[in-house]
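Chemist: What follows is a protein structure lacking sequence information:
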């Protein structure tokens, strides 16, 4: 098969759709379900995919009496039949986050050893299930969070402190469910897919301690509100430690690398040699585009790191740093593509697609875009300057201008960004 | 073999030395020599490696009566026995560049069909062999060059105009040598290794025309000095076109990809699986470090794109954009490593070496450095902040602080940057 414009575009879109499908709980959840329980089946969960995961479960187990509650983001609910859905705020929690978390804890209390708790976790759960430890207010927790963010604490450090100020995070939900068996089915959008990081791990043991949390607060010179400071100083009510939640089991049902492996299979069926470069590539979006241009050129010129026809696949989440100038319509995936395009400068035989698997590249209704060798030529023919549009972060406008923006609508799932560079 | 700190460092340094050796004309030139000529053997050449290439030729052909001249940069001469060496200015030509170029043309005139001209070309030759076309002064040529640079013309456009204002570039040297056979032996430090680009191709046919040169000057609204404008308008004395130099042959004896392939063999002998990502990776140095960190982490975590123990190899030339703050001692290779280090944040089992094959990473006497998992810890233990040092482009200081700067001295050759990331 010759890789011409039409075939390359179809192949890339097929691969993007395969990535989204690999992250869709309606496709992947049922394969991870255990035997049906002898006792009750209680469903809890949180995250931007929580409602869609609940639907997938209801579809997979039509004959099981499911009860329970999941918390998702405003606008992310879908109709369920048996499982309750609560909507709450993200990324800053609101009263519904607190109500939702409290309801989840109520749901799992008083269960027996024959009962099963299914915990449906996905990105955003940390904010959507926000219940301060007894004696603390949501405002107390948020003040500490804000200070940690402002002082440049690492994500691992922030999670340690959060877990020790929370009534649900750091394994406390699973502890409350004992002696029932807890099975967590998770969709990961975090680098490394660490179960303790996804939604701050409400069903996962926490290796960190109150002493760690106190050291972090001291290291950054943070003065927590009195109730939070008192709780950290007292150090009573420690999170469950590794080995301390024998009733809890964790299964990743969707993750960036799982999706990339699926796409690699799709690529092979299309006659392309896939090369997965990584599932957690980060950095400034346009600069990752420049780096990838060098690799793609080498494929074309030297058949290295892989011989064409091939596709370079990667996931992860890039960054777009805004300058002081005016800012147009754009997102990190289309900015990546535009950086790639400028570096490739019309090099023949190279096409690409980048998109956010959640269907929203930034804040617009654009999921991503397709880049072709003639993209910049067509932009210039329309009287616009691609470099100026890159400088203005106006990449959605650019790809809309040439009719190559990709729109999927919100997918209600998320395994982060997807990038495919096809070298024919 | 377990990849511990000592063995990883030795392997990385062995690979860097292999890259430099693969670019050293004393190792690679002799294999590309033709049969010894029946007639005279005239040597011409230009570039930062010209003198070392001349020595390599003298060593390889001790019994051939070699005559000729090469032009190298001030400070890049080495003692030769038979071939004359002229030193000239780089990157801005001086009177010696003009004298050298004139001398090369004299050397090749009046030769016969049994004579052989060996042209030894390497990076920098374009400035080191600068002879304006008849009627033009060096100042005329430089004025046009300056204007082209200032208006953002592409490198291919600048070369087109330069060749049509030169008495030696764009194949004119080879044309002057006819009917003698001309064999060019070249060391490439340019992306794509295009023979017409290395030193502006004095022995290589030029596909561009006076009409192209006039169009470029018009496109950017440049007003050349009267003599240059007149020459372009007249359009007489066209460069040799493809097919028009049947006496001229071109062989690449060293290039970034040739060096990377050599290093890949070295890596295999060391028990590492090599993956060559490309020979022309560009972009902001620290951002390429961030991108590479994602790939290295994936090797470690997912055995993709290659299973460990492995080494990710790449070449090309990155950029360091200076901010407004104070600037320390640094170069693009060590800045790449520091960007990589910050992104890896101490991830275990990953070591790296980056260095300039010319032995000079920037302007300092540092060629590059070695990064280990504990590098940042050691920097912090010494009371310094790695992120602050990165922001100040103070990477040479940082690697000197922990004793991990690599110093080779000037190598008198150059196949650009070399980067190896070892994942144990």
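Modeler: Sure, I can see it. None of these values were measured; they are calculated from a predicted model. Residues are numbered from 1 along each chain as shown, chains lettered A, B, ... in the order given.
Chemist: could you pull out the helices for the stretch 1-150 of chain A?
Modeler: A:5-22, A:25-28, A:50-60, A:95-108, A:125-128, A:138-150 (DSSP state H, counting those that start in this stretch).
Chemist: Would you mind finding the most buried of these?
Modeler: When these are scored by mean count of other Cβ atoms under 10 Å in any protein chain shown, the highest mean neighbour count falls to helix A:125-128 (a mean of 28). (Glycine included, C-beta is placed from N, CA and C.)
Chemist: re the thing from before, can you tell me which of the helices of the stretch 1-150 of chain A is nearest to residue A:387?
Modeler: Closest to residue A:387 of the helices of the stretch 1-150 of chain A is helix A:5-22 (Cβ to Cβ; 23.5 Å).
Chemist: just how off-centre is the closest one within its chain?
Modeler: 20 Å (Cα atoms, centre = their mean, to the nearest Å).
Chemist: which other helices and strands contact it?
Modeler: When contacts are defined as 3 or more Cβ pairs under 8 Å, 6 or more residues apart in numbering or on different chains; DSSP states H and E, helix A:5-22 sits against helix A:256-269, strand A:310-316, strand A:350-356, strand A:368-371, strand A:417-423.
Chemist: Export the ones you listed as TSV, with columns for distance to chain B and mean pLDDT.
Modeler: TSV is the format used below for these (distance: least, Cβ to the nearest Cβ, whole Å; pLDDT from 0 to 100):
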stretch	distance to chain B	mean pLDDT
helix A:256-269	6	98
strand A:310-316	6	98
strand A:350-356	13	98
strand A:368-371	17	98
strand A:417-423	11	98
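Chemist: could those go into CSV alongside mean neighbour count?
Modeler: Converted to CSV, these look like this (neighbours: other Cβ atoms under 10 Å in any protein chain shown):
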stretch, mean neighbour count
helix A:256-269, 21
strand A:310-316, 26
strand A:350-356, 28
strand A:368-371, 29
strand A:417-423, 28
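Chemist: With respect to residue B:37, which of the ones you listed lies nearest?
Modeler: strand A:417-423 (43.0 Å).
Chemist: partners of that closest one, with directions?
Modeler: strand A:310-316 (antiparallel), strand A:350-356 (antiparallel) (DSSP bridges).
Chemist: Columns distance to residue B:228 on top of the helices and strands packed on helix A:5-22, output as TSV?
Modeler: Below are these laid out as TSV (distance: least, Cβ to Cβ, whole Å):
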stretch	distance to residue B:228
helix A:256-269	53
strand A:310-316	45
strand A:350-356	37
strand A:368-371	39
strand A:417-423	41
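Chemist: Can you tell me the closest non-neighbouring residue to the spatially most central residue of chain A?
Modeler: By Cα atoms, centre = their mean, the mean C-alpha position of chain A lies nearest to residue A:189, the distance being 2.5 Å. Leaving aside its sequence neighbours, residue A:189 sits nearest to residue A:123 (Cβ to Cβ, 6 or more residues apart in numbering or on different chains; 3.9 Å).
Chemist: Tell me how many other residues crowd that neighbour.
Modeler: 25 (other Cβ atoms under 10 Å in any protein chain shown).
Chemist: Now for it: which residues touch it?
Modeler: A:47, A:48, A:49, A:187, A:188, A:189, A:190, A:198, A:199, A:414 (Cβ atoms under 8 Å, 6 or more residues apart in numbering or on different chains).
Chemist: do you know how far it is from residue A:256?
Modeler: Going from residue A:123 to residue A:256 by Cβ to Cβ, to the nearest Å gives 11 Å.
Chemist: okay, and the common contacts of these two?
Modeler: Common neighbours of residue A:123 and residue A:256, using Cβ under 8 Å, 6+ apart, are A:188, A:189.
Chemist: any residues touching stretch A:237-250, and which ones?
Modeler: With contacts defined as Cβ under 8 Å, 6+ apart, stretch A:237-250 is touched by A:133, A:163-164, A:169-172, A:174-175, A:177-184, A:186, A:195, A:203-210.
Chemist: Next step: those restricted to helices.
Modeler: If you go by DSSP state H, those have A:163, A:164, A:172, A:174, A:175, A:177, A:210 in helices.
Chemist: Write out the residues of the stretch 301-424 of chain A neighbouring chain B.
Modeler: A:301, A:302, A:304, A:305, A:314, A:316, A:343 (Cβ under 8 Å from any Cβ of the partner chain).
Chemist: so which of those is the most crowded?
Modeler: residue A:314 (29 neighbours).
Chemist: Specify the beta-bridge partners of that residue.
Modeler: For residue A:314, the beta-bridge partners under DSSP bridges are residue A:278, residue A:419.
Chemist: just checking, it touches residue A:278?
Modeler: Yes - shown here, residue A:314 and residue A:278 form a contact pair, counting by Cβ atoms under 8 Å, at 5.5 Å.
Chemist: Give me the nearest residue to residue A:60, chain neighbours excluded.
Modeler: residue A:30 (3.8 Å).
Chemist: Please give me every residue in contact with that neighbour.
Modeler: By Cβ under 8 Å, 6+ apart, the neighbours of residue A:30 are A:56, A:59, A:60.
Chemist: cool, and residue A:390?
Modeler: Residue A:390 touches A:286, A:335, A:338, A:339, A:342, counting by Cβ under 8 Å, 6+ apart.
Chemist: how close does the fourth one sit to residue A:370?
Modeler: Here residue A:339 is placed at a distance of 15 Å from residue A:370 (Cβ to Cβ).
Chemist: Could you report the neighbour count for the nearest residue to residue A:47 once chain neighbours are set aside?
Modeler: Distances taken as Cβ to Cβ, 6+ apart place residue A:122 nearest to residue A:47, at 3.0 Å, with adjacent residues excluded. Neighbourhood size, residue A:122 [other Cβ under 10 Å]: 32.
Chemist: which residues are in contact with stretch A:140-153?
Modeler: Counting by Cβ under 8 Å, 6+ apart, A:92-93, A:130, A:132, A:157-158, A:161-162, A:165-166, A:216-217, A:220-225, A:227-228 sit against stretch A:140-153.
Chemist: Show me the one of the strands paired with strand A:417-423 that comes nearest residue B:235.
Modeler: strand A:350-356 (36.2 Å).
Chemist: tell me the angle that closest one makes with helix A:5-22.
Modeler: If you take axes from the mean of the first three to the mean of the last three Cα atoms, to 10 degrees, strand A:350-356 sits at 30 degrees to helix A:5-22.
Chemist: what bridges to the closest residue to residue A:406 other than its chain neighbours?
Modeler: Of all residues not flanking residue A:406 in the chain, residue A:368 sits nearest, at 4.6 Å (Cβ to Cβ, 6+ apart). Beta-bridge partners of residue A:368, counted by DSSP bridges, are residue A:355, residue A:406.
Chemist: contacting residues around residue A:368?
Modeler: A:16, A:331, A:333-334, A:337, A:353-356, A:361, A:405-406, A:418.
Chemist: try 10 Å
Modeler: A:12-13, A:16, A:331-334, A:336-337, A:352-357, A:359-361, A:396, A:399, A:404-408, A:417-419 (Cβ atoms under 10 Å, 6 or more residues apart in numbering or on different chains).
Chemist: ok, back up a step: look up how far residue B:207 lies from the residue nearest to residue A:47.
Modeler: From residue A:122 to residue B:207 the distance is 56 Å (Cβ to Cβ).
Chemist: picking up where we left off before, let me know the closest of the contacts of residue A:30 to chain B.
Modeler: The nearest member of those to chain B, counting by Cβ to the nearest Cβ, is residue A:56 at 25.6 Å.
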